[in-house]
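In: Fold the following, please.
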Amino acid sequence: MSDLFVPEEELNADLCFTSGQVFRFVRSEQGWEGVDGSNVIRAKKTGGGWKVSSFPNEMAYHRFFRLDVSFFDVGKEIQRRAPELSSFINIQRGMRVLQPERVDETLFSFLCTPNNNLNRIVKMVEKLSEYGKVNKTGFYEFPKIKQIAGVQESELRAQGFGYRGSVIPQVAKMIMEKPSGWLENLKNASYENAFRELQTLPGVGPKVSDCVCLIGMGHTSAVPVDTHIWKMATELYFPEWKNKAVTWQRYEAVGKLFREKFGELAGFAQQYLFYDSLSKYRNREGLFVK
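Out: You can find the predicted model right below:
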């Protein structure tokens, strides 16, 4: 198993794995380890950066961390277009938007996120993963859509999924009724089409759709607007909406502004603001990711 050294200006695994993008990674004295699709990904802190590795596919980490993109350069370009974001980017050097292997895993993981906290989301995603098979790495592979469709609502509710126990199997069944490859093919659709198509599924609103577009499909112009981004957006760009609810028109306005300002870097700019608000919330509430 080969590894690659990535300097800290390009990667901070602590930021990446506590930013609510993926939910099957744990931290130990050796660093971070978790499963992505059919591969185990590891990141270990070392002098001035991180050593990353993966197996059985020894190059899977390259796609997962999007190492074809210099996020140092991305940060500089975002700052050039919006100097007001400089402090957020400088504090979060090494933040990256990840690229998981399987779109379906990203979708079903984010179906666990509405009205939920990170620790409960992690537990739910782990329980879902146990419907998959244990592969030669010793980890559960996330179950296939057909397997999820066969899970009983009562079984998920008994495991603490609440109303999501109904939504998750419904989504799996609906995807199976669509043309073969429908979900995966949305990677190659325009962002607008992918965003719209995902919302034909039960339980998928604009925010979940944008999360799947950005993280699961690589549509980097997607801007998920949750409570954290809404707070930051009203402080920076829409003061007239501060302390007001997010309507569809306001959601759309925030995404439009980011796309006009940052283009294909809109989703990356969003991630810096999201993490800043999230980390302040955790500190204020005494919440820490285990």
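In: Contact partners for Val26?
Out: The contact partners of Val26, taken as CB atoms under 8 Å, 6 or more residues apart in numbering, are Trp32, Glu33, Gly34. No exception for glycine: its C-beta is placed from N, CA and C like everyone else's.
In: what bridges to the last one?
Out: This means Gly34. Beta-bridge partners for Gly34, by DSSP bridges, are Phe25, Ile41.
In: what sits against it?
Out: Counting by CB under 8 Å, 6+ apart, Gly34 touches Phe17, Val22, Arg24, Phe25, Val26, Val40, Ile41.
In: Tell me how far the last one lies from Val26.
Out: Meaning Ile41. Distance of Ile41 to Val26, computed by CB to CB, to the nearest Å: 12 Å.
In: what touches both of the two?
Out: Counting by CB under 8 Å, 6+ apart, the shared contacts of Ile41 and Val26 are Trp32, Glu33, Gly34.
In: All the strands of this structure, residue numbers only.
Out: For the chain, the strands defined by DSSP state E occupy 3-7, 25-28, 31-36, 39-46, 49-55.
In: so which of the ones you listed comes closest to Gly165?
Out: Closest to Gly165 of those, according to CB to CB: strand 31-36, at 23.3 Å.
In: can you map out the helices along the stretch 51-200 of the chain?
Out: Secondary structure of the stretch 51-200 of the chain (DSSP state H, counting those that start in this stretch): helices at 60-64, 71-81, 86-91, 103-110, 118-129, 145-149, 153-158, 164-177, 182-185, 191-198.
In: So which of those is the most surrounded?
Out: When the helices of the stretch 51-200 of the chain are scored by mean count of other CB atoms under 10 Å, the highest mean neighbour count falls to helix 103-110 (a mean of 24).
In: which helices and strands sit right next to it?
Out: Here helix 103-110 touches helix 118-129, helix 164-177, helix 182-185, helix 206-211, going by 3 or more CB pairs under 8 Å, 6 or more residues apart in numbering; DSSP states H and E.
In: now the ones you listed in JSON lines, with mean pLDDT?
Out: Listed next are the helices and strands packed on helix 103-110 as JSON lines, based on pLDDT from 0 to 100:
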{"stretch": "helix 118-129", "mean pLDDT": "93"}
{"stretch": "helix 164-177", "mean pLDDT": "97"}
{"stretch": "helix 182-185", "mean pLDDT": "97"}
{"stretch": "helix 206-211", "mean pLDDT": "98"}
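In: would you list the ones you listed in TSV and tack on distance to Ile78?
Out: Below are the helices and strands packed on helix 103-110 laid out as TSV (distance: least, CB to CB, whole Å):
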stretch	distance to Ile78
helix 118-129	25
helix 164-177	34
helix 182-185	30
helix 206-211	18
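In: Tell me which of these lies nearest to Val97.
Out: Val97 sits nearest to helix 206-211 of all these, at 10.9 Å, using CB to CB.
In: Could you list the low-confidence segments of the stretch 1-150 of the chain?
Out: For the stretch 1-150 of the chain, the stretches with pLDDT under 70 are 1.
In: that older thread, in CSV: the helices of the stretch 51-200 of the chain, plus distance to His219.
Out: Converted to CSV, these look like this (distance: least, CB to CB, whole Å):
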stretch, distance to His219
helix 60-64, 16
helix 71-81, 16
helix 86-91, 21
helix 103-110, 11
helix 118-129, 22
helix 145-149, 21
helix 153-158, 29
helix 164-177, 18
helix 182-185, 13
helix 191-198, 4
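In: Settle this for me: Ser154 is touching Gly165, isn't it.
Out: Yes: at 7.4 Å, Ser154 counts as touching Gly165 under the criterion of CB atoms under 8 Å.
In: tally of neighbours for Lys136?
Out: Neighbour count of Lys136, defined by other CB atoms under 10 Å: 8.
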